[in-house]
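Undergrad: next one to model:
(chains A and B)
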Amino acid sequence: MNINTTKIISLLFFIFSAFYLYTAYQIQVFAFDENAPFNARTFPIYLGYAGLFFSGLKLILPDPNTIKVEHRTLEYKKTALLIVIAIIYGATILKVGYFLTTSLFLFASYYFLGERRWILMFLLSFPFVAGFMYLLHGVLEIYLRDPFLKSIGVMG
Amino acid sequence: MTEGILIGLTTALSFQNIFMVMIGCFFGTIIGMLPGLGPMTAIALMIPITYGFDPATGLILMAGVYYGAVFGGSTSSILLNAPGVPGTVATSFDGYPMAQQGKAGKALAIAAWSSFAGGTLSAIYLLFMAPSLSKVSLSFRSPDYFALMILGLTAIAAFSSKGQFLKAMMMVVLGLMLASVGQDSLSDITRFTFDNMNLTDGISFVLVVMSTFAMSEALTIILKRNDPTAAAKQVSLTELGSIRINKEERGKMYRTIPRSSVIGFLIGVLPGAGATIASFLAYGMERNLVKDEEKEKFGKGSVNGLSAPETANNAACSGSFVPMLTLGIPGSGTTAVMLGALLGFGIQPGPRLYMTNPEIFWSVIMSMYIGMVILLILNLPLIPYIARILAVPKNYLIPLILFFSITGIYVMSFNNFDIYLMIGIAVVATFLRLYDFPMPPLILAFVLGGLMEENLRRSLLLSNGSWEFLWDRTLTVCILVTTILIVLWHIYKTFTKK
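TA: Residues are numbered from 1 along each chain as shown, chains lettered A, B, ... in the order given. As a prediction, the model looks like this:
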């Protein structure tokens, strides 16, 4: 059997399905439902077996269309940076508020992707987010929590 | 019936109602373009306004918003690969690649014309068949629905390239597994939440679609050093926004539209099925019906591949009005909101609605057609300007896609856990995409997961745990035989074609 990344992904999916199946068997059902033809764990159990079946087949059968990815050509650094910025954005949005975090997220993303036109970067972050926020909050009446704007008295 | 149609036409063509359709289409398009805000939200936002009008006008306004939002959703699917509603996921399969080739205006125009044709044809079907179709839709039982879901998932064969069938099936199972997270719909028992309260309500569709499509697309572009605006830079802004469809492309659309509108309308009529299954089935069917040469273009910007789901999803929108108006059973989440509004007006939908309130029944049907015309008139001139989004440099476009994706999730839950979950799913999806694991089967399975479990539950409970329900009814057997034939056809094609 030729080992390639697709096979490794299939193996991981096989392990994941086994874990899913184990967890499915652990789902607590009501006592009167235990022997019912269908209860909360029935469908997940079928899914667990289906996952084992298909990933098992993918593992065993030959893979004529092997996908080769040139890892050296991939841009891991910028991708990882964007993911980190998004995580920081998620971590701060509730505490700081939508306006400041979103504007800073956009500004930082432009910067890390190589943009250096500061005025354009600014216009497409702070005023852009303010306009979008007005559309959501002011026009469509979708409440957006913003402690920062509240602290400076812009939002009630 | 003729009298009813004339009453409906007179009501729908009044100045006030035409104006309402225009307003509805315009706002619907704008709201539909924003990820996370689909037709359901758009209509819900309109309900307080509609109570100021008579019921016919209120419903006409909501129908306009509905069509506008569906078209708006297609726009974000085509330009940004960010389908905000399940019904427009299949539109992105060929719409997005076409836009990437510098034909954004053409892709949007094909979508607009297909939507128009699909909506128009289905309004005609609705006009003549609504009362009798309600009986057909009632003949579907749980086993038939379950078989229909299996058929829908088999359509994934259409999305998997040669030799990728098992990968597609693994994605189907993963999609169903994701859909099983959260409370069981009947017993309220929590499953796969690992005591995390944020997962009790399950994972939202918008989160899954935004992470596997929009966000993972943005990450893949950065990772592979691609430039989504490269093709747009090669052509002039006029060419990018050009809405000209040549004779050959029109010929393809002429063949695709009628069959996709029929399948879309019929699926839309079934309560609970809706635009998503319709668009996926139409896409799958179209891929099987076209010549081998055209089949190769599917997923790479095929005209047929774009026209089929767009026609079907709009036809299904009209079809979903049949069970709502004639039976009082909403065919989709959106029509459920409209049903609520209808009840708020003091109108009881049912088989006698078109006799007791003909002006409402027929004016809604008539306004659908008028809505289609107005949607086209409003949107076609705007396409060249909307298409220019793709002329935005990559350094700005990628952060903006991420921004719309994250905001779409945030405004739905105001919860940062969803943002983390979205990033996590997007990272896994990006990795899987590198190795050609297709995402559309995952999305379809995720959408169908809840319905599939529900119908399997009912079928098994009714048959006392026996799987005999699969061959007890002729309709179920017919659907399952079709499914088996599709699988066998694909296996045959795999082994006979080089």
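
Undergrad: now the strands: where do they sit in the stretch 101-250 of chain B?
TA: Ranges of strands within the stretch 101-250 of chain B are B:182-183, B:190-191, based on DSSP state E, counting those that start in this stretch.

Undergrad: got any ranges where chain A has weak pLDDT?
TA: A:1-3, A:156 (pLDDT under 70).

Undergrad: touching, residue B:482 and residue B:150? I think so.
TA: No: with contact defined as CB atoms under 8 Å, residue B:482 does not count as touching residue B:150 (9.8 Å). In this view, the C-beta of every residue, glycine as well, is placed from N, C-alpha and C.

Undergrad: before we move on, back to that, want to try JSON lines for the strands of the stretch 101-250 of chain B, with mean pLDDT as columns?
TA: As requested, the strands of the stretch 101-250 of chain B are arranged in JSON lines below (pLDDT from 0 to 100):
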{"stretch": "strand B:182-183", "mean pLDDT": "93"}
{"stretch": "strand B:190-191", "mean pLDDT": "93"}
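
Undergrad: which one of these lies nearest to chain A?
TA: Chain A lies closest to strand B:190-191 among these, at 5.4 Å (CB to the nearest CB).

Undergrad: just confirm yes or no for the closest one near chain A.
TA: Yes: counting by CB under 8 Å from any CB of the partner chain, chain A is contacted by strand B:190-191 at residue B:191.

Undergrad: for that strand, name the packing helices and strands.
TA: strand B:182-183 (3 or more CB pairs under 8 Å, 6 or more residues apart in numbering or on different chains; DSSP states H and E).

Undergrad: show me what the strand it packs on is packed up against.
TA: Strand B:182-183 packs on strand B:190-191, going by 3+ CB pairs under 8 Å, 6+ apart.

Undergrad: note down every partner strand of the strand it packs on and its orientation.
TA: Strand B:190-191 sits in its sheet next to strand B:182-183 (antiparallel), going by DSSP bridges.

Undergrad: contact partners for residue A:129?
TA: A:98, A:99, A:102, A:103, A:106 (CB atoms under 8 Å, 6 or more residues apart in numbering or on different chains).

Undergrad: can you name the residues that contact residue 85?
TA: No chain in the question, so chain A it is. Contact analysis of residue A:85 by CB under 8 Å, 6+ apart lists A:105, A:108, A:109, A:112.

Undergrad: oops, wrong one, chain B.
TA: B:32, B:38, B:39, B:69, B:70, B:73, B:275.

Undergrad: and chain B, which of the contacts of residue A:129 contact it?
TA: The subset of the contacts of residue A:129 lying close to chain B, counting by CB under 8 Å from any CB, consists of A:98, A:102, A:106.

Undergrad: name the nearest residue to the first one, sequence neighbours excluded.
TA: The one in question is residue A:98. residue A:144 (4.7 Å; CB to CB, 6 or more residues apart in numbering or on different chains).

Undergrad: ok, now the last one?
TA: Beyond its immediate neighbours in the sequence, the residue positioned closest to residue A:106 (CB to CB, 6+ apart) is residue A:125, lying 4.1 Å away.

Undergrad: wait, that neighbour sits on residue A:103?
TA: Yes: contact criterion CB under 8 Å: residue A:125 and residue A:103 qualify, at 4.5 Å.

Undergrad: quick one, domains of chain A?
TA: A:5-60, A:73-151 (automatic domain parsing).

Undergrad: export these to JSON lines and append columns for distance to residue B:432.
TA: Compiled in JSON lines, the domains of chain A are given as follows (distance: least, CB to CB, whole Å):
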{"stretch": "domain A:5-60", "distance to residue B:432": "7"}
{"stretch": "domain A:73-151", "distance to residue B:432": "15"}
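
Undergrad: per-residue pLDDT, the residue in the stretch 1-150 of chain B that chain A sits nearest to?
TA: Residue nearest to chain A within the stretch 1-150 of chain B: residue B:45 (6.3 Å; CB to the nearest CB). For residue B:45, the pLDDT comes out at 70.

Undergrad: which residue packs closest to it, ignoring adjacent ones?
TA: Residue B:45 sits nearest to residue A:140 (CB to CB, 6+ apart), 6.3 Å away.

Undergrad: for the most centrally placed residue in chain B, give me its contacts.
TA: With distances taken as CA atoms, centre = their mean, residue B:87 lies nearest the centre of chain B, 0.9 Å away. Counting by CB under 8 Å, 6+ apart, residue B:87 touches B:70, B:73, B:274, B:275, B:276, B:278, B:279, B:313, B:316, B:317.

Undergrad: can you do 10 Å?
TA: Residue B:87 makes contacts with B:38-39, B:69-70, B:73-74, B:77, B:264, B:274-280, B:309-310, B:312-314, B:316-317, B:332, B:334, B:447, as judged by CB atoms under 10 Å, 6 or more residues apart in numbering or on different chains.

Undergrad: contact residues of the stretch 51-200 of chain B facing chain A?
TA: Selection of the stretch 51-200 of chain B residues close to chain A by CB under 10 Å from any CB of the partner chain yields B:161-177, B:179-181, B:183-192, B:194.

Undergrad: and if we set it to 6 Å?
TA: Neighbours of chain A within the stretch 51-200 of chain B, by CB under 6 Å from any CB of the partner chain: B:163, B:166, B:169, B:170, B:173, B:176, B:177, B:180, B:184, B:187, B:189, B:191.

Undergrad: hmm, which of those is lowest in pLDDT?
TA: Ranking these by pLDDT, residue B:163 lands last with 67.

Undergrad: what sits closest to residue A:16 if chain neighbours are left out?
TA: For residue A:16, ignoring the flanking residues on the chain, the nearest one in space by CB to CB, 6+ apart is residue A:51 at 7.2 Å.

Undergrad: ok, how many other residues are close to the one you found?
TA: When neighbours are counted by other CB atoms under 10 Å in any protein chain shown, residue A:51 registers 25.

Undergrad: that older thread, restricted to helices, list the contacts of residue B:85.
TA: Within the contacts of residue B:85, residues falling in helices by DSSP state H are B:32, B:39, B:69, B:70, B:73, B:275.
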